[in-house]
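A.B. asks: Need a 3D model of the sequence below.
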Amino acid sequence: MGTPDFAACSLQKLIDEGFDIAGVFCQPDRPRDRGHKLVPCAVKQTAQAAGLAVYQPEKLRDGAALAILKDLSPELIAVVAYGKLIPDDILALPKYGCVNVHGSLLPRYRGSAPIQRAVLSGDDVTGVTTMYLSSGMDEGDMIYQARTAIGETETSGQLFDRLAPMGAELLVRTLRDIEAGTAPRTPQDPSQATYAPPLSREESPIDWTQPARLICKHIYGMQPWPCATAELGGTAFKVFAAELAGNTTARAPGTVLRAGKDGIEVACGGGESVRITELQAAGGRRMAAGAYLLGHPMEV
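C.D. replies: Predicted structure coming up:
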């Protein structure tokens, strides 16, 4: 059970490793782009390429999905970024339970946006966790974890691309050990739990009162969607890259301090500043800030 690219990576790995996949569940096709054409998700495309049966129920609680699963009679259900909570009657169906690949080091960042929230929070390390699903959101007993450092300028999208194969490898290890009866089972410590709600466009604007590093992390964490935004010199921008300027200032947060070939330096909280190095003006194209300023000088 899964939907986006992150889940398709795990499905492909299970196919490559020769697992007997009784069926694949994913979200229904959704309209995309200006033409509103229905587009199959990454998991559906991967499943169809392998000749696997695909099921796309709108709901899991009306009995129809349970009937399909009873007919398929799976020994285990692997859930990766499916986008729906699994009801108790389905959780209880397979002999070996339902296992999940989650994009964080649980119990940190339970919820739907763990990868983005790790970047936005300025964490140095994150990873993936396999666990047994329970009725609570991401509260099940953990099986295995794999860790990785987060690059200082790594975007959420880039981190997704690195964690997806890590999760796929960990899922294979998990399933092999469950089959062998050697998989561990470690309860989560609820006192250590944090939550990762989905991102929204309302979070896009940069809060210049934040410390410089967290502003940079905001810029990288909001990619590929919904992107960080800022108004500089009276112009609205999407902001794609920035760096610590290493200067101190007494100017108010959000004040443009310098604007030139190296980018746009802006005052932040705590007397720090950041230098924006890549941006996109409304209606324009993404470019280096210095290149933008050649044709659009900014008063300081």
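
A.B. asks: So if we follow the domain assignment, how does the protein break up?
C.D. replies: 5-192, 201-295 (automatic domain parsing).

A.B. asks: any chance of those domains in JSON lines, plus mean neighbour count?
C.D. replies: The way it works is simple: take the backbone N, C-alpha and C, and place the C-beta from them, glycine included. As requested, the domains of the chain are exported to JSON lines (neighbours: other Cβ atoms under 10 Å):
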{"stretch": "domain 5-192", "mean neighbour count": "17"}
{"stretch": "domain 201-295", "mean neighbour count": "18"}
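
A.B. asks: now those as TSV including mean pLDDT?
C.D. replies: Below are the domains of the chain laid out as TSV (pLDDT from 0 to 100):
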stretch	mean pLDDT
domain 5-192	96
domain 201-295	97
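
A.B. asks: where do the helices sit along the stretch 1-150 of the chain?
C.D. replies: Taking DSSP state H, counting those that start in this stretch as the test, the helices found in the stretch 1-150 of the chain are 5-16, 42-49, 64-72, 88-91, 114-120.

A.B. asks: hang on, I meant the stretch 201-300 of the chain
C.D. replies: Counting by DSSP H, counting those that start in this stretch, the helices of the stretch 201-300 of the chain are 212-221, 289-295.

A.B. asks: how far does the last one sit from the chain's center?
C.D. replies: In terms of Cα atoms, centre = their mean, to the nearest Å, the gap separating the centre of helix 289-295 from the centre of its chain is 32 Å.

A.B. asks: So what touches it?
C.D. replies: 259, 260, 261, 262, 263, 264, 276, 277, 278, 279, 281, 284 (Cβ atoms under 8 Å, 6 or more residues apart in numbering).

A.B. asks: Can you tell me which of these end up in strands?
C.D. replies: Using DSSP state E, the members of the contacts of helix 289-295 that fall in strands are 259, 260, 263, 264, 276, 277, 278, 279, 281.

A.B. asks: I figured the fifth one hits residue 242, correct?
C.D. replies: Yes. Residue 276 sits in contact with residue 242 when judged by Cβ atoms under 8 Å, with a separation of 4.8 Å.
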